[in-house]
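1. Output the structure for:
(one chain, ligands or ions: 2)
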Amino acid sequence: MTVRFGTATMKAAQVAAAGVSLKIVELGIPKLGPGQVRIRIRASGVCYGDSIIIEGRKPGIPYPRVLGHEVAGVVDALGDGVTDWQVGQRVGVGWHGGHDGTCRECRRGEFRNCRNEKNPGISCDGGYAEYMVAPVAALVSLPDALSDIAAAPLCAGVTMFDALRHTGAFPGDLVAVQGIGGLGHLGIQFANKFGYKVAAIGRGSQIEPSGDETRRRRVYRQQAQGPC
Ligand SMILES: [Zn+2]
Ligand SMILES: [Zn+2]
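-> Residues are numbered from 1 along each chain as shown. Ligands and ions are numbered 1, 2, ... in the order given. Next up, the predicted model:
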């Protein structure tokens with residue numbers, strides 16, 4: 001993406017209203033508030049959850065809205081009071097876009113269940129753009145070993161990662177991943193690295209063992225039935 005410096009604008013993919021398709025628009029580069037960083041976006045994942053905003057299936061979404069809650073980028077500027085992050089640092093932003101710190105769930109330390117949780121691309125503009133702003137509570141630091149494209153699917157990644165680590169399974173146990181799509185393909189890889197025996201269950205001719213198939217992984221193809 002190329003930003004036209006001097007005009008202080010950027011391109012973004014925006015939904016104007018519920019039921020309206022995404023459209024590439026020119027917007028002002030978002031301004032920073034206290035406790036926020038501005039991110040120059042390098043990659044943004046596409047999640048099924050984005051369709052909820054496009055189709056207006058969730059009440060109370062403020063439109064127009066720039067979608068995207070799977071962001072990888074670089075800190076471009078720091079808001080007042082931000083001391084723990086640096087310009088140039090690689091960061092990611094997922095589903096969690098900030099919490100109020102005052103509700104019952106927050107006082108219990110369950111920030112992800114905040115009653116007033118912010119979500120990028122839903123309650124505030126997200127990553128389908130050249131720049132976005134995010135509160136520091138939404139940031140994760142990205143390791144150099146992970147490319148921007150590999151890091152971006154944070155929503156799908158944390159869903160699979162947390163699901164696997166709460167299964168109670170130990171290395172060597174058999175874990176089945178049913179549905180080899182946007183989440184499942186990550187689940188197979190995580191489960192393999194966790195040391196499980198992995199059974200991948202999917203349908204369609206694209207569900208085949210990959211070239212790096214290991215003896216710990218088995219692929220089962222379901223009979224194709226129905227539209228999904
Ligand atoms: Zn809260
Ligand atoms: Zn998502």
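2. if you take the average position of the chain, which residue is closest to it?
-> Centroid-nearest residue in the chain: residue 70, 2.5 Å away (criterion: Cα atoms, centre = their mean).
3. Check the spacing between that one and residue 81 real quick.
-> From residue 70 across to residue 81, the span is 27 Å (Cβ to Cβ, to the nearest Å). No exception for glycine: its C-beta is placed from N, CA and C like everyone else's.
4. do residue 159 as well
-> 31 Å.
5. same question, residue 136
-> Counting by Cβ to Cβ, the gap from residue 136 to residue 81 is 9 Å.
6. again with residue 13
-> Residue 13 is 31 Å from residue 81, by Cβ to Cβ.
7. Looking at these two, which one has more neighbours?
-> Ranked by neighbour count (other Cβ atoms under 10 Å), residue 13 and residue 81 place residue 13 first, with 18 against 10.
8. Leaving out the residues flanking it, which one is nearest to that one?
-> Nearest residue to residue 13 in three dimensions, chain neighbours excluded: residue 128, at 3.8 Å (Cβ to Cβ, 6 or more residues apart in numbering).
9. now residue 192
-> Closest to residue 192 by Cβ to Cβ, 6+ apart is residue 198, at 5.5 Å.
10. In stretch 36-52, which residues are buried?
-> Under the neighbour-count criterion of 16 or more other Cβ atoms under 10 Å, stretch 36-52 has 36-47, 49-50, 52 buried.
11. just stretch 91-107 next, same as before
-> Across stretch 91-107, burial judged by 16+ other Cβ under 10 Å covers 91-99, 103, 105-106.
12. So for residue 172, what's the pLDDT?
-> According to the prediction, residue 172 has pLDDT 95.
13. That one is in contact with residue 195, isn't it?
-> Yes - contact criterion Cβ atoms under 8 Å: residue 172 and residue 195 qualify, at 6.5 Å.
14. near ligand 1, which residues of this structure?
-> 99-100, 103, 106, 114 (Cβ under 5 Å from the ion).
15. Tell me how the protein divides into domains.
-> The chain resolves into domains spanning 9-152, 167-222 when parsed by automatic domain parsing.
16. what's the helix or strand for the nearest residue to residue 139 once chain neighbours are set aside?
-> Leaving aside its sequence neighbours, residue 139 sits nearest to residue 91 (Cβ to Cβ, 6+ apart; 4.8 Å). Secondary structure assignment for residue 91, by DSSP states H and E: strand 90-93.
17. how far away is residue 121 from residue 140?
-> Relative to residue 140, and taking Cβ to Cβ, residue 121 is found at 16 Å.
18. Apologies, that question was intended for residue 152.
-> 12 Å.
19. Residue 108 now?
-> When residue 108 is compared with residue 140 (using Cβ to Cβ), they lie 22 Å apart.
20. Which one of these two is surrounded by more residues?
-> residue 140 (15 against 9).
21. Torsion angles phi and psi at that one?
-> phi -120, psi 150 (degrees, to the nearest 10).
22. What's opposite it in the beta bridge?
-> residue 92 (DSSP bridges).
23. again, but for residue 133
-> Beta-bridge partners recorded for residue 133 (DSSP bridges): residue 38.
24. From what I see, it and residue 32 are in contact.
-> Yes - Residue 133 is within contact range of residue 32, at 5.7 Å (criterion: Cβ under 8 Å).
25. and those two? which has more neighbours close in?
-> Legend: neighbour count by other Cβ under 10 Å for residue 133 and residue 32, higher for residue 133 (21 against 16).
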